[in-house]
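>>> pasting the sequence and the predicted model now:
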Amino acid sequence: MSYTALYRKFRPATFEEVKGQDHIVTTLKNQIQAGRIGHAYLFCGTRGTGKTTVAKILAKAVNCEHPLDGSPCNECSSCQAIQAGTSTNVIEIDAASNNGVDNIREIREEVSYRPTQGRYKVYIIDEVHMLSTGAFNALLKTLEEPPEYVIFILATTEVNKIPVTILSRCQRYDFKRITIDTIAGRLMELMQKEGVEAEERAVRYVAKAADGSMRDALSLLDQCIAFYLGESLTYDKVLNVLGTVDTEVFSQLLRRVIVQDAAGSIRILEELVVKGKEMGQFVNDFTWYMRNLMLVSSSDHLEDVLDVSTENLKQLREESTMIDSDTLMRYIRIFSELSGQIRYSAQKRILVEIALIRLCRPQMETSLDSVLDRIRALEVKAEQGVWNAAPAQPGGTRAVEAEEAEEQAPPVIQKAAPEDLRRIRGEWRRIIGQTTQPLKNYLQGSVPKYDSETGDSRLFVEFSDRTAHLYVNRPEKIEEIKAAIRTVIGCEAQVEVVLADREGRRGLAEIPVEEIIKEEIHMPVVEEDEPEQEF
């Protein structure tokens, strides 16, 4: 006997076996029990959610000789004939290949004949949105005033293409995507019937990859079982068959991107290509991983919508502290654009490599998001004192004139920073850590300064980003900064939030790091002149 695919072998035969569409099943059963059966139904929804299956069950139920609570018995001659596809009372039509006016005219002629067996003649028109305009017009009159023994069931995945005149003549039922839990439960049930052992994690991944389609889930499961015939189905085996990537690889890749390690990111991609991973699926999965990270960083109470293990959730929480929300959303936007481009590209790997380099090198772009990322990186360098030496300027008249102008300029004498401000500068990272989100993220791009002209004890928190300045420069946020200073330093501080070089405070200067070093290690910092280079 030939092999039957799982999605055909375990196709629901009664309303009770239909999973994830309880709102539709209950309504149809009540209609059958009450004898309030409509003349035209429209089943719409994404692929693999049960539209055609429910249509066939409905056709059996309305013609069943011994219905059970609105469901077909599957034992009478009518049910068995419909199940076997030999009944003349149930006609299935594929509108994709029978979409002309002549095909609909044939239906109009056939409906005049009463059913030979059973009470109703049922027409199931699949992918009805593929009918031509003329075919829809020809169907209108029959839908409006059909014979009492005729039922039309129209199924479509694109309800927006159905004319309004057709919609108004049908009872519409929307089939929703089936949840991961429902699909996984059904798969585990079928695996037991097939005598195949499988890890729960592996089954849940298949359910997730199906994207709400029970038929797709059964097809993927069938593929995995066939590849490892006679073996237990594990998570790693499922990843291997489907060509997908483990979340641990996504974590490693994201950490490389966060530290702007373009070379390391490309090496990870190279390993995936060598292993034969499909680039389109990789892009979608990595985008989904970053989506989960965004939800974790936004709230602590979204575990129910993440569908990740406890270990992965802990890993996501750790990574959420390494990146701010704005940068993460820029990453997601870039990969979302890539998912649309890569579908029709012959050079998928190159597109992914370009996207990874864009993530690691925001200076290559001119968009607002990339400029903000560059500003944040510069602010971190400014706080840490990490700067690249400027390239030597070639000799010339302009260079000599600039040196002479610098020698003639009078030196600016700055007053020393007060002791408390030096302590605040030394503990600035700890102070930021005492604040709450999103204030903490905004303070990452701030620079603590003092008034070098007066030398008073006020702390100026300077921002180069106007959005950050507007957010932090509010009484409640300033009070939160003061509270953090009291917690870490143990003293009161006057805090003022300013915008860099835009508020007329030319005397502001960064609190010297040398003073902090002297105070902490009690050792003078000696500045040595570099030896002159001979040319």
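Sure, I can see it. Not measured: the values here are computed from a predicted model. Residues are numbered from 1 along each chain as shown.
>>> alpha carbons only for contacts and neighbour counts from here, please
Noted.
>>> run a quick neighbour tally on Glu148.
Residues lying near Glu148 (other CA atoms under 10 Å) number 12.
>>> no no, Leu421
22.
>>> identify the residues contacting it.
450, 457-459, 511 (CA atoms under 8 Å, 6 or more residues apart in numbering).
>>> so His469 touches Phe463, yeah?
Yes - the pair His469 and Phe463 qualifies as a contact (CA atoms under 8 Å) at a distance of 5.8 Å.
>>> comparing those two, which residue is more hemmed in?
Set His469 next to Phe463 and count neighbours by other CA under 10 Å: Phe463 wins out with 24 against 20.
>>> the more buried one and Pro115, how far apart?
80 Å (CA to CA, to the nearest Å).
>>> thinking again about what came up before, list residues touching both of His469 and Phe463?
Going by CA under 8 Å, 6+ apart, residues that sit against His469 and also against Phe463 are 497-499.
>>> now those as CSV including neighbour count, pLDDT and secondary structure?
Output for the shared contacts of His469 and Phe463, formatted as CSV (neighbours: other CA atoms under 10 Å; pLDDT from 0 to 100; DSSP: H, G, I helix; E, B strand; the rest coil):
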residue, neighbour count, pLDDT, secondary structure
Val497, 18, 89, strand
Val498, 22, 88, strand
Leu499, 20, 86, strand
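>>> and the helix or strand harbouring Arg425, how far out from the chain's middle?
Here Arg425 is covered by helix 419-426, with elements defined by DSSP states H and E. How far helix 419-426 lies from its chain's middle: 43 Å, per CA atoms, centre = their mean, to the nearest Å.
>>> re earlier: and which of the shared contacts of His469 and Phe463 is nearest Ala34?
Val497 (71.5 Å; CA to CA).
>>> OK, contacts around the closest one?
Contacts of Val497 by CA under 8 Å, 6+ apart are 460-463, 469, 472-473, 478.
>>> in strands, which of those residues appear?
Among the contacts of Val497, DSSP state E puts 460-463 in strands.
>>> what's the closest of the residues you listed to Asp181?
Using CA to CA, the ones in strands among the contacts of Val497 come closest to Asp181 at Phe463, 47.2 Å.
>>> before we move on, back to that, out of the contacts of Val497, give me the two with the largest separation.
Longest span within the contacts of Val497, CA to CA: Phe463 and Ile478, 13.7 Å.
>>> what about Gln437, which SS state?
coil (DSSP: H, G, I helix; E, B strand; the rest coil).
>>> could you dump the contacts of Val497 to TSV with pLDDT?
Shown next, in TSV, are these (pLDDT from 0 to 100):
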residue	pLDDT
Phe460	87
Val461	88
Glu462	88
Phe463	86
His469	84
Val472	89
Asn473	88
Ile478	90
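>>> Pro163: neighbouring residues, count only.
Pro163: 13 neighbours (other CA under 10 Å).
>>> that one and Asp181, how far apart?
For Pro163 relative to Asp181 (CA to CA), the value is 35 Å.
>>> quick revisit: could you export the helix or strand just after the helix holding Arg425 as PDB, CA atoms only?
Using DSSP H and E, the helix or strand that follows helix 419-426 towards the C-terminus is helix 428-433. C-alpha atoms of helix 428-433 as PDB (Å, rounded to 0.1, in the frame of the first residue of the first chain):
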ATOM      1  CA  TRP A 428      29.500  58.400  37.300                       C
ATOM      2  CA  ARG A 429      28.900  54.900  35.900                       C
ATOM      3  CA  ARG A 430      27.700  53.700  39.300                       C
ATOM      4  CA  ILE A 431      25.400  56.700  39.600                       C
ATOM      5  CA  ILE A 432      23.800  55.900  36.200                       C
ATOM      6  CA  GLY A 433      23.300  52.300  37.300                       C
END
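>>> for helix 428-433, give the mean pLDDT please.
For helix 428-433, the mean per-residue pLDDT is 86.
>>> buried sites along it?
Neighbour-count burial for helix 428-433, counted by 16 or more other CA atoms under 10 Å, picks out 428, 430-433.
>>> contacts for stretch 269-288?
So stretch 269-288 is contacted by 243-245, 250, 332, 335-336, 338-339, 342-343, 348-349, 352-353 (CA under 8 Å, 6+ apart).
>>> what segments of the stretch 101-250 of the chain are strands?
121-126, 150-156, 171-175 (DSSP state E, counting those that start in this stretch).
>>> just name whatever secondary elements the first one is in contact with.
Counting contacts by 3 or more CA pairs under 8 Å, 6 or more residues apart in numbering; DSSP states H and E, strand 121-126 packs against helix 51-63, strand 90-94, strand 150-156.
>>> counting by contacts, list what the first one packs against.
Under the contact criterion of 3+ CA pairs under 8 Å, 6+ apart, the helices and strands touching helix 51-63 comprise helix 22-34, strand 40-45, helix 77-84, strand 121-126, strand 150-156.
>>> now the angle from the longest one to strand 40-45?
Direction vectors for helix 22-34 and strand 40-45, defined by axes from the mean of the first three to the mean of the last three CA atoms, to 10 degrees, enclose an angle of 160 degrees.
>>> mean confidence for helix 22-34?
93.
>>> contact partners for Thr46?
157, 175-177, 213.
>>> what pLDDT is listed against it?
With respect to pLDDT, Thr46 has a value of 89.
>>> can you check the one 5 residues further on too?
We have a pLDDT of 93 for Lys51.
>>> which strand residues bridge the closest residue to it other than its chain neighbours?
Spatial nearest neighbour of Lys51, excluding adjacent residues (CA to CA, 6 or more residues apart in numbering): Phe43 at 5.8 Å. Under DSSP bridges, the beta-bridge partners of Phe43 are Ala155, Tyr173.
>>> tell me the pLDDT at Phe43?
94.
>>> ok, now how distant is it from Ile107?
Counting by CA to CA - Phe43 and Ile107 are separated by 20 Å.
>>> higher neighbour count, these two?
Phe43 (25 against 16).
>>> residue contacts, the more buried one?
So Phe43 contacts 51, 153-156, 172-175 (CA under 8 Å, 6+ apart).
>>> so which of the contacts of Leu421 comes closest to Thr86?
Nearest member of these to Thr86, counting by CA to CA, is Leu459, at 86.4 Å.
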